[in-house]
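Enquirer: need a 3D model of the following:
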Amino acid sequence: MFATPLLSGIPPERSTLVGVPDGAGWALMHDGIGQRLPIPLSDARRFNRIALPPSRDERLERDDVVAALRQLIDTLKPATLLVTDPEFDPHPDHRAASLALALALDGSRHRPRTVLLYANHYRDAFPPGPAFQPAWMPPAEIAIERLFASAPTPLAWPLSPAMQKHKALLLDAMSDLSPRADWSQRRRRARRAGFVPTFAPERDRYFQAAIRSTELFRALPSEAFVAAWRERNDSR
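Expert: Numbering: from 1, shown residues only. Here you go, the predicted model:
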């Protein structure tokens, strides 16, 4: 649970975990299906510095997640929030995170000015071209769905060569090197067996897609972010 933040230099006490099980986010947040927890919620949250609303230790419901996120927003009072882009990131847990944030903001006392959207995954192998080149706006035709009436403002954040290499190492270390890797991870690891830390673009298509010289965000007012999800949910 804390491995990925630690790889990025974020200690456990700087991470606040809600405790949503991996792979269960969309069923929980979109469909409202409560989830049994693989570990007690008190264990998942044991390093949290901000006390979250109590929940049953063995089960998590949608309202529990919304209450926990709302508590974080009202306590920290951020001016800007970063969440996965629901129009372009097809990963169900990532889309669930975006929906959960909108539900939490809809009833929070504090409303940030801006929501930054970031796609960790894209459909159709976007972006094309060699690794370590600037990121650019994805084409509208690969969007999962169009949520926002007015297009969010694109923002490009430059990454130094050292940061690009650091990101490549972090991504390579996340799961594929685990001794408990499943068959698909082992297959990816085998395909990438020729990768060496020269960061040559031709060595691995995964890095070709993931490591860019800029990070692309899309920014929109938090009111527009909440309104788009609310309209989508009301139309279901």
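
Enquirer: S108: neighbour count?
Expert: By the criterion of other Cβ atoms under 10 Å, S108 has 20 neighbours. C-betas here are computed from N, CA, C, even on glycine.

Enquirer: next: the one 4 residues further on.
Expert: Residue crowding around P112 was assessed by other Cβ under 10 Å; the count is 20.

Enquirer: pretty sure it sits against L82.
Expert: No: counting by Cβ atoms under 8 Å, L82 is not a contact partner of P112; they are 10.3 Å apart.

Enquirer: centre of the chain versus stretch 146-166, how much separation?
Expert: What separates the centre of stretch 146-166 from the centre of its chain is 13 Å, taken as Cα atoms, centre = their mean, to the nearest Å.

Enquirer: mind exporting the C-alpha coordinates of that stretch to PDB?
Expert: What follows is stretch 146-166, C-alpha atoms only, in PDB (Å, rounded to 0.1, in the frame of the first residue of the first chain):
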ATOM      1  CA  ARG A 146     -17.300  13.300 -23.100                       C
ATOM      2  CA  LEU A 147     -18.100  14.600 -19.700                       C
ATOM      3  CA  PHE A 148     -17.200  18.200 -19.800                       C
ATOM      4  CA  ALA A 149     -19.200  20.700 -21.800                       C
ATOM      5  CA  SER A 150     -16.300  23.100 -22.200                       C
ATOM      6  CA  ALA A 151     -12.900  21.500 -22.900                       C
ATOM      7  CA  PRO A 152     -10.500  21.700 -19.900                       C
ATOM      8  CA  THR A 153      -7.400  23.900 -20.400                       C
ATOM      9  CA  PRO A 154      -4.200  21.800 -21.300                       C
ATOM     10  CA  LEU A 155      -1.200  22.400 -19.100                       C
ATOM     11  CA  ALA A 156       2.300  21.000 -19.900                       C
ATOM     12  CA  TRP A 157       4.800  20.500 -17.100                       C
ATOM     13  CA  PRO A 158       8.400  20.000 -18.200                       C
ATOM     14  CA  LEU A 159      10.400  17.200 -16.800                       C
ATOM     15  CA  SER A 160      14.200  17.300 -16.700                       C
ATOM     16  CA  PRO A 161      16.100  14.300 -18.200                       C
ATOM     17  CA  ALA A 162      17.000  13.200 -14.600                       C
ATOM     18  CA  MET A 163      13.300  13.300 -13.700                       C
ATOM     19  CA  GLN A 164      12.400  11.300 -16.800                       C
ATOM     20  CA  LYS A 165      14.900   8.600 -15.900                       C
ATOM     21  CA  HIS A 166      13.600   8.600 -12.300                       C
END
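
Enquirer: which of the residues in it are buried?
Expert: Neighbour-count burial for stretch 146-166, counted by 16 or more other Cβ atoms under 10 Å, picks out 147-148, 152, 159, 164-166.
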